[in-house]
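Undergrad: what shape does this take:
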Amino acid sequence: MKIIGYDCFSGISGDMNLGAMIDLGVDKTYLINELNKLNLPGWELLVQKDQRHGITGTKVTVKKTRHENAHRHLSDIEKIIKDSTLDNKTKELSRKIFMKIAQAEATVHGISIDNVHFHEVGAVDSIIDVVGAAICFNALNVDAVHVFTVELGGGFVRCDHGKLPVPAPATAELIKGIPVKKGGVDFEATTPTGAAILVTLGTSFNPDMVIKIEKTAYGVGQKEHQDVPNLLRVFLGETIVDPGIGHDALQIECNIDDMNPEFFDYISDRLFRAGASDVFFSNIMMKKGRPGILLNVICETGLADTIKNIIFTESTSLGIRTFPFRKDTLARSFETIQTIYGELTVKRSYYNGKEVSCKPEYEECKRIAAEKQIPVKEVYNNIMAVLLKSKQ
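TA: You can find the predicted model right below:
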């Protein structure tokens, strides 16, 4: 499985991410041409090689070419994206990143998402950072994004709301449930934009992840630090599938009978983003005849504390049970094939070296169904027909 690994030992910002993506192989001219599809005036993308502590990387600066007073709302930014000529996949991912920021700001300020007033994040440079992140991610065509421990920084940062502690409140809200550390540097290492990119793109969050690295790249930050180089390091590589297939894992479960059921979807999403292998719910009958829900989470042993933290802070459960067990899985590989809908990813599964199943990725089928306005089962069946024909 092709994967990007984010090693944020000195944090992440929007411009550092753009620098790392270009350093990883995204063509600068392609990125600029795609960004021009926003039809957003007043910016210029400066790309140059630079060094921090002797390590060479790519530094990107979004230069404002005219003064702007615009403090945009989410609806303003969504209109800019909707009215652009970007492809639908990039539009949707850009909107998701901005929605994450809006949700965090709404929580911090105790207001609705529609009333969130973007300040720094609504400026033209931040819009370029976010949409550029979506363009680069889609251009790299990876299957997954893994995020290692994220450095938040320290001290205070000045913004439109005044002097705030690091991490800024919006950043603190965004990074809930993912591995972080603080105080490695004395400035704001991870910005709200950087945090939103990570939590939107990230498919797993774990300090320990085994990958086969094919390429390493660096995005150079705007700051200098005498001890820690202000760099964002990213890896492009593949996950390693163990043919032995078996390893130890954990099952974490709890009973819940007094919580708004609408919260389960949000908790499930947070658990998956924290690296859970599976999350599922079962109806149970509890004492005194009360109906309840059994929440089950399957995860790797190193994620126990992160998973428990999410369950205790997000649910009404008062206790958790943890069971160690052995997990046996099929070996898997991902492959891009040509279909009537264009290129699409399929997942192949193997037992003892023999393929036992092959199917398309559901999220891609869902995206195609939405774009073509046809039933998802029609998309799925047409792709399966291609796969079955290829075996004959």
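Undergrad: show me this protein divided up by domain.
TA: Segmentation of the chain into domains, based on automatic domain parsing, reads 2-239, 246-328, 331-391.
Undergrad: so which of those is the most packed in?
TA: A comparison of these by mean neighbour count, using mean count of other C-beta atoms under 10 Å, puts domain 2-239 on top with a mean of 19. Where C-beta positions appear, they are placed from N, C-alpha and C, glycine not excepted.
Undergrad: from the chain's centroid, how far away is that one?
TA: 11 Å (C-alpha atoms, centre = their mean, to the nearest Å).
Undergrad: what average pLDDT does it get?
TA: In this model, domain 2-239 has a mean pLDDT of 92.
Undergrad: stretch 347-357 now?
TA: Mean pLDDT, computed over stretch 347-357, is 78.
Undergrad: what sits up against that stretch?
TA: Stretch 347-357 has contacts (C-beta atoms under 8 Å, 6 or more residues apart in numbering) with P243, L330, A331, R332, S333, F334, E335, C358, K359, P360, E361.
Undergrad: what's the straight distance from one end of it to the other?
TA: Using C-alpha to C-alpha, to the nearest Å, one end of stretch 347-357 lies 8 Å from the other.
Undergrad: and the strands in the stretch 201-350 of the chain?
TA: Secondary structure of the stretch 201-350 of the chain (DSSP state E, counting those that start in this stretch): strands at 204-205, 211-220, 231-239, 246-256, 278-285, 291-299, 321-328, 331-339, 342-351.
Undergrad: which strands and helices sit next to the second one?
TA: I take that to be strand 211-220. Judged by 3 or more C-beta pairs under 8 Å, 6 or more residues apart in numbering; DSSP states H and E, strand 211-220 is in contact with strand 2-7, helix 14-24, strand 43-52, strand 55-64, strand 231-239.
Undergrad: equivalent analysis for the fourth one, please.
TA: For strand 246-256, the contact count by 3+ C-beta pairs under 8 Å, 6+ apart identifies strand 291-299, helix 304-314, strand 321-328 as packing neighbours.
Undergrad: now the strands for the stretch 51-200 of the chain?
TA: Assigned strands in the stretch 51-200 of the chain, in chain order: 55-64, 144-147, 150-151, 156-159, 162-165, 180-181 (criterion: DSSP E, counting those that start in this stretch).
Undergrad: related to what we said a few turns ago, of all the strands of the stretch 201-350 of the chain, which lies closest to N88?
TA: strand 342-351 (12.5 Å; C-beta to C-beta).
Undergrad: which is the next helix or strand following the closest one?
TA: Proceeding N to C from strand 342-351, the next assigned helix or strand is strand 354-360, under DSSP states H and E.
Undergrad: the helix or strand following that following strand vs strand 331-339, what angle?
TA: Remark: after strand 354-360, the chain's next helix or strand is helix 362-372, criterion DSSP H and E. Going by axes from the mean of the first three to the mean of the last three C-alpha atoms, to 10 degrees, helix 362-372 is angled at 20 degrees with respect to strand 331-339.
Undergrad: start at 35, not 1
TA: Right, with 35 as the first residue, what we last looked at is helix 396-406.
Undergrad: follow-up on the earlier one: now for the strands of the stretch 235-384 of the chain, which one comes closest to F346?
TA: Of all the strands of the stretch 235-384 of the chain, strand 280-290 sits nearest to F346, with 9.0 Å by C-beta to C-beta.
Undergrad: give me the sheet partners of the closest one and which way each runs.
TA: Within its sheet, strand 280-290 is paired with strand 325-333 (antiparallel), strand 355-362 (antiparallel), according to DSSP bridges.
Undergrad: weakest of the ones you listed by average pLDDT?
TA: Among these, strand 355-362 carries the lowest mean pLDDT, a mean of 91.
Undergrad: so what touches that one?
TA: By C-beta under 8 Å, 6+ apart, strand 355-362 touches 279-288, 311, 332, 335, 338, 342.
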